[in-house]
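# Any chance you could fold what I've pasted below:
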Amino acid sequence: MSKTLNRPIRVLVAKVGLDGHDRGAKVIATSLRDAGMEVIYTGLRQTPEMVVNAALQEDVDAIGISILSGAHMTVFPKIMDIMKQKGLENVLVTGGGIIPEGDMQKLKDIGVGELFAPGTTMEAITTYITNWVTENRNF
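Numbering: from 1, shown residues only. As a prediction, the model looks like this:
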């Protein structure tokens with residue numbers, strides 16, 4: 001018997017740092033919304049602290065970080081550290097952008113979820129988030 005949620009999945013989509021390219025984040029946010037999720041898009045130039053604070057305030061199931069700047073090895077660990085400090089547990093941190101495969105594995109090793117490269121289908125991203133939330137946040 002598979003689990004189902006009796007509520008919409010809540011996802012925070014964020015652009016961290018000085019990267020001003022937000023088309024991909026907006027496409028992701030729209031696609032997740034079209035899939036029935038509640039999406040909070042924080043806009044450009046967020047700090048890791050701002051992202052975690054917004055995730056706490058919005059009671060999200062998942063945080064999706066769009067990153068094209070090359071700062072992924074700084075941004076993701078900082079977000080994970082702040083989440084731990086603030087007791088934000090059992091929330092998926094996922095994302096995508098220009099992230100080399102070796103770095104993806106290092107980030108997964110510290111607790112970051114699946115990271116998606118350019119060209120990933122929206123179906124793959126939506127399915128991953130839905131499955132993770134259903135398995136880990138079914139309350």
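# Mind listing what's buried along the helix or strand in which residue 78 is found?
Here residue 78, judged by DSSP states H and E, is contained in helix 72-85. For helix 72-85, the neighbour count (16 or more other C-beta atoms under 10 Å) marks 72, 75, 76, 77, 78, 79, 80, 82, 83 as buried. Quick note: C-beta positions are derived from backbone N, CA and C, even for glycine.
# can you pull the pLDDT of the fifth one?
This points to residue 78. Here the pLDDT value assigned to residue 78 is 98.
# ok, now the last one?
Each residue has a pLDDT score; the one for residue 83 is 98.
# Which strands or helices does the helix holding residue 78 pack on?
Where contact means 3 or more C-beta pairs under 8 Å, 6 or more residues apart in numbering; DSSP states H and E, helix 72-85 is packed against helix 48-58, strand 62-67, strand 92-97, helix 101-109.
# between the ones you listed, which gets nearest to residue 5?
Counting by C-beta to C-beta, residue 5 lies closest to strand 62-67 out of those; the figure is 12.3 Å.
# to the chain's geometric centre, what's the distance from the helix holding residue 78?
Helix 72-85 has its average C-alpha position 12 Å from the chain's average C-alpha position, going by C-alpha atoms, centre = their mean, to the nearest Å.
# Next, the angle strand 92-97 makes with it.
Following axes from the mean of the first three to the mean of the last three C-alpha atoms, to 10 degrees, one obtains 160 degrees for the angle between helix 72-85 and strand 92-97.
# Point out where this structure drops to low pLDDT.
In the predicted model, the chain carries pLDDT under 70 at residues 1-3, 139.
# Go again with 90.
Counting by pLDDT under 90, the chain shows low-confidence ranges at 1-6, 17-24, 43, 68-70, 89, 138-139.
# thinking again about what came up before, highest mean neighbour count out of the helices and strands packed on helix 72-85?
Per-stretch averages of neighbours, counted by mean count of other C-beta atoms under 10 Å, single out strand 62-67 among the helices and strands packed on helix 72-85, with a mean of 25.
# now the angle between strand 92-97 and that one, please.
Using the same axes, to 10 degrees, the interaxial angle of strand 62-67 with respect to strand 92-97 works out to 20 degrees.
# Brilliant, that's me finished.
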